[in-house]
Each structure stands twice: as C-alpha cells, then as structure tokens.
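In: I'd like to go over a predicted model; first the sequence, then the structure.
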Amino acid sequence: MSTLRFKALSETTNRKAVEVKELDRKSIIFGSNVFNDKSMRQFLTPEAYKAVKNAVQHGKKIERKLADYIAMGMKEWALSKGVTHYTHWFQPLTGATAEKHDAFFETSFEGADPVEKFGGSQLVQQEPDASSFPNGGIRNTFEARGYTAWDPTSPAFIFGTTLCIPTVFVSYTGEALDYKTPLLRALAAVDDAATDVCRYFDKNVKKVAATLGWEQEYFLIDSSLANSRPDITLTGRTLLGHASAKGQQLDDHYFGSIPTRALNYMRDLENECMLLGIPVKTRHNEVAPNQFELAPIFEEANLAVDHNSLLMDVMGKVAERHNFRVLMHEKPFKGVNGSGKHNNWSLSTNTGINLLSPGKTPMSNLQFLTFFINTIKAVYQNEELLRAAIASASNDHRLGANEAPPAIISVFIGEQLTKVLEELEGVSSGKLSPQEKTSLKLNVVGKIPDVLLDNTDRNRTSPFAFTGNKFEFRAVGSTANCANAMTILNTIVAKQLKDFKKEVDALIADKGMKKDDAIFNILREYIKESKNILFEGDGYSEEWEQEAAKRGLSNNKTTPKALKAKVSEKSLALFQELNVMNHVEMEARYEIELEEYTKKIQIEGRVLSDIARNHVVPTAIRYQNILIENVKGLKEIFGKDFENHAGEQIAIIKEISGHIAAINSKVAEMTEERKKANKLESAEDMAAAYCDQVKPYFDVIREHCDKLELLVDDELWTLTKYRELLFTR
Ligand code: ADP
Ligand code: MG
C-alpha cells in the first residue's frame with residue numbers, strides 16, 4: 001500500500017477545524033498594526049507629521065532632520081507594540097515580497113548601555129545584499145549594490161514582531177529593480193495627465209489617483225494532501241491526475257455554504273487583514289471545488305498593490321495554522337476552473353469624483369465620457385501591450401482555455417453605452433449648432449445616469465469590461481503582482497490623456513472652437529478609430545477568434561509571443577516619454593520575464609519526468625506483476641483453457657506495457673529537447689524552445705499517466721487523486 005498518500009488521507013480525515021479567537025469589532029481593530037494617521041498623530045511631532053502628510057499628498061521630499069524625528073516616532077510606536085525588528089519590505093521581480101530583518105537592539109563597542117535604535121538613515125535607505133535578485137543584466141556583479149528607499153505613500157506596518165517599511169528597490173545607477181518603482185512613476189504620469197484633462201471641467205481638481213480593487217481567487221488544499229504530491233509542492237499545480245468523476249458540473253460549490261475548516265481559515269485571515277489595515281470585504285466559494293475568493297474595498301492603486309502582495313504572503317502564513325496549503329496558481333487542476341485576479345480600476349479626483357462614474361449633470365457626464373472613451377482608445381492602441389502585462393507561464397493555462405478571458409484583449413461596455421457612443425459618433429464636424437448641443441445634452445449626455453442604473457448586463461467572457469463605475473481587467477492571473485498590469489494600464493491611459501489634451505487644445509487654439517465643441521469633435525473621432533476593440537459577444541467562441549483576426553487584434557496565446565510587445569519600438573518610446581521606464585529597464589524586465597518563463601517550464605518538465613518515471617511507472621509495473629501472477633495461477637488451474645479466464649487480465653497487462661513504453665520514450669524525448677533548449681544563447685530563443693518544443697510533451701506524457709491511474713489498483717496508486725485533493729474537507 002502506498003504509505004504517503006494513505007497517511008495523508010487519514011490525517012486529513014481526522015482534522016478538526018482550528019478554533020479562531022474573535023478579536024474586537026472590525027471597525028475597532030482595523031489598522032491597529034499600521035502606522036496610520038491615528039498613530040502618527042500620537043507618536044510624531046506636529047512638524048514630522050506634516051512632513052509625512054506633505055510627502056503623501058504632494059510628493060514633497062522629507063528633510064533629513066525630520067526623517068530622524070519620524071523614525072524616532074515610528075520606533076516608539078513599534079516598541080509599544082512589542083516589536084523587536086524592522087525591515088525594508090519590497091517587491092523584487094521574483095514575484096514574492098522580500099525582507100531582511102534587523103534588530104532595533106544595539107550595543108556599542110565602548111560598552112555603553114544597550115539601547116533600541118532606529119534613525120532617519122535606517123528608515124530612508126538601506127542597502128540589502130541584493131546580488132541574487134533578478135536584474136536582467138542591469139546590475140553587474142562587480143556593482144552588486146541595490147538600494148531600498150522608503151515609500152512614504154504606503155504606511156509602515158507590523159507583522160509578527162517586525163516593523164515593515166514599504167520601499168522601492170533600485171540599482172546603484174537608479175534603475176528600477178522592483179515592481180513598485182515603475183508603478184509609482186506610472187501613477188504620477190496618470191495623475192499629471194488626468195488632472196490636466198479634469199481642469200477642462202473643474203479648475204479645483206489638483207490631483208487624480210488611480211484606484212484599484214482586486215479580487216483574489218485561490219484554492220485551499222489540506223497540507224498533508226498537498227505534501228503528498230511532489231508536483232504541488234514544487235510547481236504549485238498538479239502535472240497529472242485523472243479527472244474526478246464529480247468535478248464542478250453540478251455547480252454546487254459556487255456561493256455555497258463555506259466548509260467549516262475553510263471558514264475558520266478565512267475568519268483568521270480576515271482578522272490578520274484587519275490588523276494590517278487591508279479592508280477585506282467579501283468572501284465566498286468560487287466555481288471549482290475547494291476554490292474561494294476574497295476581495296477588499298478598493299484603495300489608491302499603490303496601496304492596493306502593496307496590500308495584495310502582503311495578503312498573498314499572509315494567506316500562506318495563516319494557512320499553516322489551519323493545516324492548509326493555499327494554491328495561488330492560475331490552473332492547479334486540469335478540467336476545473338482556474339484562478340484569476342480581477343483588477344477593478346478607475347480614476348478618482350482629490351475633489352472626490354470617480355471619473356468613470358456618470359454624473360448628475362450633462363457637463364459631468366461629458367467628463368465621464370471623456371475618460372471612458374480615452375480609456376477605450378488607450379486599450380485599443382495598446383491591446384498587445386496589455387496582453388503582455390498579464391503574460392506568465394501559469395496564466396497561459398487560463399487565457400484562451402475556455403473558462404477565462406481569451407488571449408485577445410477586447411472591451412465590453414454594455415448595450416446602453418454602445419448606443420451612447422453610436423449617437424456621439426453622429427456629432428457633426430466642426431462647431432456644433434446650438435440646437436445640436438442642446439439635443440446632445442438632453443438626449444445623450446444628460447441621459448447617462450438613469451441609463452446606467454439598469455446596465456446590469458455583465459459579460460463574464462470579456463477580459464476588460466466596464467461595470468458601471470469602473471473598468472474590470474479580468475485577465476490578470478491569480479499569482480501576479482498587480483503592479484505589472486497597473487503600471488501598463490495607467491501608463492497607456494496617461495499617454496492617451498496627454499494626446500487628447502494636445503488635440504483639444506489645438507482645436508481651441510487653431511480653429512477657435514469652444515472647449516466642449518472641441519471635446520465632442522475629438523471624442524467622435526476616437527469612437528470611430530477605436531471601434532474594433534469593442535466586443536459584446538461570447539469571448540470564448542471560435543467565431544470571435546476569427547472575427548478578432550479580421551479586425552487586426554492580436555491573439556498571442558503564449559507568454560514568449562506575448563512578451564515581445566513589451567520591447568517593441570512603440571512600447572519603448574511610450575515608457576520613455578512618460579518617464580515610467582527607460583530602454584534599459586524595459587529590456588531588463590523583458591529578459592527577466594523570459595527567464596522566469598523558461599525556468600518555470602524547465603522545473604515542470606523535470607518534475608513531470610520524475611513523477612512519471614519514478615512514481616507512475618513503478619506503480620504500474622507492480623500492478624502488472626500482480627496480474628502476471630494471477631495469469632500464471634489461472635494457467636496452473638485451468639491448463640490449456642486458461643485463456644478463457646485470463647483474457648481480460650492479459651489485455652490489461654498489454655495495455656500497461658503500452659503506456660509504460662510511451663511514457664519512457666516521451667520522457668526521454670522531452671529530456672533531449674530540454675538539453676537542446678538549454679544550449680541556446682538568447683533568453684528569447686530559449687523561452688520559445690521551452691514553449692514550442694518542450695511543453696507540448698506535458699500533455700502527451702500526462703495522458704498516458706492518467707490512463708494508468710484508471711487501470712491500476714487504487715490501493716497501489718501513490719499519488720493522491722483529484723477527488724481526494726478536491727473533495728476532502
Ligand atoms: P463583482 O465584480 O464581483 O460583481 P463589485 O462590482 O461589487 O463585484 O466590485 C468588485 C470590486 O470592485 C470590489 O473589490 C470593489 O472594491 C471594486 N471597486 C468598486 N468601485 C471601484 C473603483 N471606483 N475603483 C476601483 N475598484 C472599485
Ligand atoms: Mg469581478
């Protein structure tokens with residue numbers, strides 16, 4: 001009997017739900033481990049407090065002396081909560097978060113009394129030994145220094161007994177080595193561009209912030225079961241496993257009552273989130289068995305990104321207490337739904353207006369339409385880049401795989417807004433007559449609010465959908481750092497708004513047009529130009545693929561193909577122009593992402609070879625031997641007549657031999673392809689080889705293994721089965 005699998009099953013069956021202590025009311029504990037406004041007021045001098053506020057609200061630099069005071073206050077606050085260490089917390093391009101803890105505690109060589117120390121210099125800048133973070137060749141080993149620098153716009157927080165200070169991570173020469181740096185630059189770019197455009201409508205607008213509300217999907221698997229599968233342990237997904245007889249076909253999990261163990265996990269997790277100031281709001285079962293979702297109230301994008309990164313970390317830690325493993329992978333199980341991370345995105349002014357929410361007056365609706373149409377145009381002109389923003393080895397399993405948005409980027413806006421755009425398209429060229437304007441204001445622009453109230457049509461197949469007061473970028477993968485998608489989305493929208501402003505100003509200056517005439521004229525042209533990106537139909541259908549090809553939309557199904565858009569001349573120029581990333585940074589990122597892709601496929605290939613050869617084949621042989629013994633015995637008893645009794649067994653013996661032979665030869669062929677790929681020089685060629693030459697073996701090998709799973713005695717099978725992984729609670 002295969003011990004690990006059955007031991008894991010018995011452990012899982014005997015598990016009790018872990019009790020969770022309820023803390024105080026959420027509104028009371030919220031943010032109590034965050035150095036937020038309340039604690040800053042308490043622990044900082046008014047001067048220091050003002051300096052932080054100015055940095056957050058107006059991007060003002062913090063003077064060195066004040067940094068010392070801020071550090072002192074922060075330390076006192078942290079010590080009052082039993083904290084012993086501090087760390088600069090950052091998001092290198094590994095996809096995980098990084099931290100190196102230092103103690104506050106210090107003694108001096110001269111023998112002075114030991115003290116807890118933390119000054120401005122420790123707060124503002126650190127130099128972690130960073131030589132082994134991905135850098136895409138930016139940092140040569142002889143200049144292995146990387147710096148982390150404090151980001152005051154994201155508040156420091158306490159996790160466990162450590163004070164975590166959110167920071168950016170840059171090379172000695174100033175290039176970004178992390179996710180946060182380009183995100184902050186993109187957010188600044190969209191702030192500038194959107195503020196300029198807002199001022200056509202309201203001179204009081206001084207700042208525009210991008211907002212983000214992510215929705216995190218994940219699977220919860222018992223830790224013993226997860227540990228019993230080498231593929232889950234090493235790759236985060238199952239590389240083989242026959243479908244369970246019952247999967248998600250009954251739709252009985254979605255929004256169903258949450259199993260107790262999972263519910264307790266969520267309660268525990270939510271308590272942690274509350275302390276950390278992550279405003280989680282909803283929790284529910286997702287479509288697949290053992291799949292769940294958690295979503296917060298939306299926040300300013302930089303903070304929301306930090307909160308999602310932190311959450312992913314906390315989810316794993318809390319899971320340990322509950323004997324769960326969180327699977328964040330986009331496709332942990334074949335044949336059941338994968339996980340995504342919808343990025344709900346909008347723009348919001350310092351005057352409290354959501355720019356993607358229709359307003360109450362015709363003028364505010366013109367502002368809404370301006371941002372709405374510019375976003376559509378930005379997506380149209382950069383659809384391939386947006387696809388690149390969400391490309392990863394694991395997300396390739398979802399995109400176009402019939403359950404998630406396809407690899408084609410399109411925009412869904414709903415029936416009513418489609419009609420509004422059609423009417424705007426008919427606006428006459430040049431100056432509008434007073435009658436036309438009145439009619440537009442009354443019948444089109446003025447009508448939007450009540451129209452949208454019944455805009456409940458939600459096309460779940462669209463990768464980029466307008467959902468009433470925000471766009472929802474649904475193609476983002478569940479493992480992704482949202483910063484990648486948010487950097488690119490905000491950059492392309494910034495560029496578009498900048499161009500829009502130029503064009504409108506030109507019409508006003510050169511043609512003497514009135515402001516709203518000019519705006520109507522430009523928007524009309526934009527609608528005409530960007531029509532091809534709008535799609536309301538079934539995004540999963542064959543017909544859409546054909547239609548999209550006719551419209552000239554890209555359909556890059558694999559990561560190596562998709563990523564190319566990041567280094568096209570157009571993209572390089574765009575990121576340079578907006579000061580988000582220079583060529584060196586873009587090329588480096590491209591290389592890092594290709595390498596990550598290659599490594600992921602390489603690891604999966606190795607693990608698959610290992611389990612196919614060292615688990616599946618030996619198990620199949622063991623079972624085959626039992627059958628052979630049986631046949632031999634039947635021959636002894638029945639003599640010549642034995643074939644009448646052993647026919648089935650002999651057929652299975654042959655079938656098993658066939659699968660074993662196929663597995664062995666395919667594994668050998670795949671290994672050969674890996675060797676060839678490894679010899680390639682460029683990261684681009686290597687990723688392409690892994691994608692096109694190595695990866696196709698995965699399905700072939702898997703199929704033979706999964707067939708064997710159906711043939712072999714259940715008692716002998718060593719790998720925990722799908723039904724056990726998905727349905728044990
Ligand atoms: P669903 O898409 O699951 O039906 P909702 O439409 O209620 O759910 O909201 C989904 C997410 O959108 C939530 O996380 C919410 O915080 C976020 N959201 C709502 N308004 C905005 C906004 N203006 N900007 C960014 N995110 C938003
Ligand atoms: Mg959603």
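Out: Alright, I've got the coordinates. Ligands and ions are numbered 1, 2, ... in the order given.

In: need the three-state assignment for the closest residue to ligand 1 within the stretch 151-300 of the chain.
Out: As assessed by C-beta to the nearest ligand atom, ligand 1 sits closest to Gly213 within the stretch 151-300 of the chain, at 2.7 Å. C-beta: built from backbone N, CA, C; applies to glycine. Using DSSP: H, G, I helix; E, B strand; the rest coil, the structure places Gly213 in strand.

In: which ones are touching it?
Out: Counting by C-beta atoms under 8 Å, 6 or more residues apart in numbering, Gly213 touches 295-299, 304, 343-344, 470.

In: give me that answer again for 10 Å
Out: 279, 281, 295-299, 301, 304, 342-346, 470, 472 (C-beta atoms under 10 Å, 6 or more residues apart in numbering).

In: pLDDT weak spots in the chain?
Out: The chain contains residues with pLDDT under 70 at 1-2, 111, 129-131, 139-144, 250, 253-255, 400-405, 449-459.

In: domain parsing for it?
Out: 31-174, 188-578, 596-727 (automatic domain parsing).

In: span of the first one from start to end?
Out: The reference is to domain 31-174. In domain 31-174, first residue to last residue: 33 Å (C-alpha to C-alpha, to the nearest Å).

In: cool, and the last one?
Out: Distance between the two ends of domain 596-727: 32 Å, counting by C-alpha to C-alpha.

In: same list, the contacts of Gly213, but only the ones touching ligand 1.
Out: On the criterion C-beta under 6 Å from any ligand atom, 295-298, 344-346, 470 are the entries of the contacts of Gly213 that sit beside ligand 1.

In: just those residues: which are in helices?
Out: The helices, defined by DSSP state H, take in nothing from those.

In: what ranges does the stretch 151-300 of the chain have for its helices?
Out: Per DSSP state H, counting those that start in this stretch, the stretch 151-300 of the chain carries helices over the ranges 180-198, 223-227, 230-235, 260-275.

In: does anything pack onto the second one? Which helices or strands?
Out: Other helices and strands packing on helix 223-227, by 3 or more C-beta pairs under 10 Å, 6 or more residues apart in numbering; DSSP states H and E, are helix 3-13, strand 208-222, helix 230-235, helix 301-321, strand 324-327, helix 722-727.

In: redo these as TSV? Include distance to Asn135.
Out: Formatted as TSV, the helices and strands packed on helix 223-227 follow (distance: least, C-beta to C-beta, whole Å):
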stretch	distance to Asn135
helix 3-13	39
strand 208-222	27
helix 230-235	24
helix 301-321	19
strand 324-327	29
helix 722-727	37
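
In: who wins for proximity to Glu116 among these?
Out: Across the helices and strands packed on helix 223-227, Glu116 has its closest neighbour in helix 301-321 (24.7 Å, C-beta to C-beta).

In: tell me how far the closest one lies from the chain's centre.
Out: Distance of helix 301-321 from the chain centroid (C-alpha atoms, centre = their mean, to the nearest Å) equals 12 Å.

In: could I get the buried residue list for it?
Out: Neighbour counts over helix 301-321 (16 or more other C-beta atoms under 10 Å) mark 301-312, 314-315, 318-319 as buried.

In: same question for stretch 648-662.
Out: 649-650, 652-653, 656, 659-660, 662.

In: skip the chain neighbours and tell me the closest residue to Cys273.
Out: Using C-beta to C-beta, 6 or more residues apart in numbering and skipping the chain neighbours, the partner closest in space to Cys273 is Val280 (4.6 Å).

In: tell me how many other residues surround the closest residue to ligand 1 within the stretch 401-550 of the chain.
Out: Residue nearest to ligand 1 within the stretch 401-550 of the chain: Lys470 (4.1 Å; C-beta to the nearest ligand atom). Lys470: 22 surrounding residues under other C-beta atoms under 10 Å.

In: which bits of the stretch 101-250 of the chain sit near ligand 1?
Out: Going by C-beta under 6 Å from any ligand atom, the residues of the stretch 101-250 of the chain near ligand 1 are 211-213, 215.

In: make it 8 Å
Out: 211-215 (C-beta under 8 Å from any ligand atom).

In: looking at this, Thr148 is in a strand?
Out: Yes: under three-state DSSP, Thr148 sits within a strand.

In: the residue positioned nearest the centre of the chain: what secondary structure?
Out: Closest to where the C-alpha atoms of the chain average out (C-alpha atoms, centre = their mean) is Ala480, at 2.8 Å. Classification of Ala480 using three-state DSSP returns coil.

In: any idea how far it lies from Tyr597?
Out: 13 Å (C-beta to C-beta, to the nearest Å).
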